[in-house]
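Asker: no FASTA, just this:
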């Protein structure tokens, strides 16, 4: 069974001042304990404070709380406040399994993300590797 429908390379590069992926509604940003610690350190707060104020547990996994308008809690003025330490889930967008599962879902992703079709070329092998993470 194919991991994703797309069978060719994909060009992608985040676009300045975009942040569309940070505004996706009804989504969850999951993170590991190691990522939580890195974010807490970046914010210069304790890990306990970070977990208390910025996360919740969903299906036994750490998840960021939503901020204003249900956007990412770390989105401010169309910028990510934790860009240098953002979770793997954020770093691998738009190469998420749900975005690549069908042609119609990929087209929705292309419509939402102005970085698709621009910048660096990702090979099928690179995309498969990202999907495995």
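Answerer: Yep, that arrived. Predicted model, so just to flag it, every value in this text is computed and none were measured. Residues are numbered from 1 along each chain as shown.

Asker: which ones are touching the residue positioned nearest the centre of the chain?
Answerer: For the chain, the residue nearest the mean C-alpha position is residue 90 (2.2 Å; C-alpha atoms, centre = their mean). Residues counted as contacts of residue 90 (C-beta atoms under 8 Å, 6 or more residues apart in numbering) are 21-22, 29, 80. Bear in mind the C-beta positions are built from the backbone N, C-alpha and C, glycine included.

Asker: Likewise for residue 9?
Answerer: Residue 9 neighbours (C-beta under 8 Å, 6+ apart): 121-124.

Asker: Out of those residues, grab the one that's most surrounded.
Answerer: In terms of neighbour count, residue 122 stands highest of the contacts of residue 9 at 17 neighbours, by other C-beta atoms under 10 Å.

Asker: which residue packs closest to it, ignoring adjacent ones?
Answerer: residue 10 (5.1 Å; C-beta to C-beta, 6 or more residues apart in numbering).

Asker: same check, this time on residue 82
Answerer: residue 74 (4.8 Å).

Asker: And residue 110, by the same measure?
Answerer: Leaving aside its sequence neighbours, residue 110 is closest to residue 116 (4.7 Å, by C-beta to C-beta, 6+ apart).

Asker: again with residue 130
Answerer: Closest to residue 130 by C-beta to C-beta, 6+ apart is residue 95, at 4.5 Å.

Asker: Could you check the pLDDT of the one you found?
Answerer: pLDDT for residue 95: 93.

Asker: Run through the residues that contact it.
Answerer: Residue 95 neighbours (C-beta under 8 Å, 6+ apart): 10, 12, 122, 127, 130-131.

Asker: Would you check which pair of these lies furthest apart?
Answerer: Greatest spacing in those, by C-beta to C-beta: 12 and 131 (13.9 Å).

Asker: Between those two, point out the one with more neighbours.
Answerer: Neighbour totals were compared for residue 12 and residue 131, and residue 12 leads with 19 against 14 (other C-beta under 10 Å).

Asker: ok, the more buried one - contacts?
Answerer: Contacts of residue 12 (C-beta under 8 Å, 6+ apart): 94-95, 113, 115-120, 122.

Asker: Any chance of a markdown table for those, columns secondary structure?
Answerer: Below are those laid out as a markdown table (DSSP: H, G, I helix; E, B strand; the rest coil):
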| residue | secondary structure |
| --- | --- |
| 94 | coil |
| 95 | coil |
| 113 | coil |
| 115 | coil |
| 116 | strand |
| 117 | coil |
| 118 | coil |
| 119 | coil |
| 120 | strand |
| 122 | strand |
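
Asker: Thank you, goodbye.
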